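Enquirer: give me the fold of what follows.
(2 chains)
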Amino acid sequence: SQKIEQNSEALNIQEGKTATLTCNYTNYSPAYLQWYRQDPGRGPVFLLLIRENEKEKRKERLKVTFDTTLKQSLFHITASQPADSATYLCALALNYGGSQGNLIFGKGTKLSVKP
Amino acid sequence: EPEVTQTPSHQVTQMGQEVILRCVPISNHLYFYWYRQILGQKVEFLVSFYNNEISEKSEIFDDQFSVERPDGSNFTLKIRSTKLEDSAMYFCASSEIGNSGSYNEQFFGPGTRLTVL
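Expert: Next up is the predicted model:
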């Protein structure tokens, strides 16, 4: 079955630095990857989606890369702020012939940005 | 900005009782999902729903679970006879339909915390 690993359970960085979170997967190549932010007791909030034929996606201070050879996605937050502190979830969907596949989630990386 | 809403925010029930969790997906979305997250664990897929029928379901979604779209706006998850291990946050999500070969982001609701005593 498909496995997703988010390498760090926790990541602590200083305000202003770039946070880099890693998501690795095994077995099948996903059709796309999504990154979500989750705050304690809240639902996941969608951040970025990257498709299997895309190498990189950007949105404001966020950047996602997708390397299907390495079976890895990297998620970057530049100029990090204490408000970015949260758990970040990687989720992938397999290709179901064009249908909207269900998401398989990683356990998440808890990011703490210190002032 | 449109969002997925869920009610109630917290439901406490006795083991063996039936519960219904309610969701209002984003209005122009056609795919609907239920996920759950046991405390401290990862988000797990339960079921997806499209065109008034189940599209996919996981091993977790056994005979005690059912979903329904009773009207044009609500999407419900029913658990017939709750067990202690059903205690979790239950998230509803929805997405637009993509063109063939394209995929769209799933938007999640705030969740219902189910506590089974």
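Enquirer: so residue A:83, which of the three states?
Expert: Three-state call for residue A:83 (DSSP: H, G, I helix; E, B strand; the rest coil): helix.
Enquirer: where's it relative to residue A:113, distance?
Expert: 8 Å (CB to CB, to the nearest Å). All C-beta spots, glycine's among them, are computed from the backbone N, C-alpha and C.
Enquirer: with residue B:91 instead?
Expert: Taking CB to CB, one finds residue B:91 at 25 Å from residue A:113.
Enquirer: which stretches of chain B aren't confidently modelled?
Expert: B:98-103 (pLDDT under 70).
Enquirer: partners of the residue nearest the centre of it in the sheet?
Expert: Centroid-nearest residue in chain B: residue B:34, 2.6 Å away (criterion: CA atoms, centre = their mean). Beta-bridge partners for residue B:34, by DSSP bridges, are residue B:47, residue B:92.
Enquirer: all strands of chain A, in order?
Expert: Along chain A, counting by DSSP state E, strands occupy A:4-6, A:10-14, A:19-25, A:32-38, A:45-51, A:56-59, A:62-67, A:72-77, A:86-93, A:103-105, A:109-114.
Enquirer: mind putting those into CSV with distance to residue B:61, mean pLDDT and mean neighbour count?
Expert: As requested, these are exported to CSV (distance: least, CB to CB, whole Å; pLDDT from 0 to 100; neighbours: other CB atoms under 10 Å in any protein chain shown):
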stretch, distance to residue B:61, mean pLDDT, mean neighbour count
strand A:4-6, 20, 86, 19
strand A:10-14, 32, 94, 13
strand A:19-25, 23, 94, 20
strand A:32-38, 21, 92, 23
strand A:45-51, 23, 92, 17
strand A:56-59, 31, 95, 13
strand A:62-67, 29, 95, 18
strand A:72-77, 27, 95, 20
strand A:86-93, 17, 93, 23
strand A:103-105, 15, 90, 24
strand A:109-114, 28, 96, 18
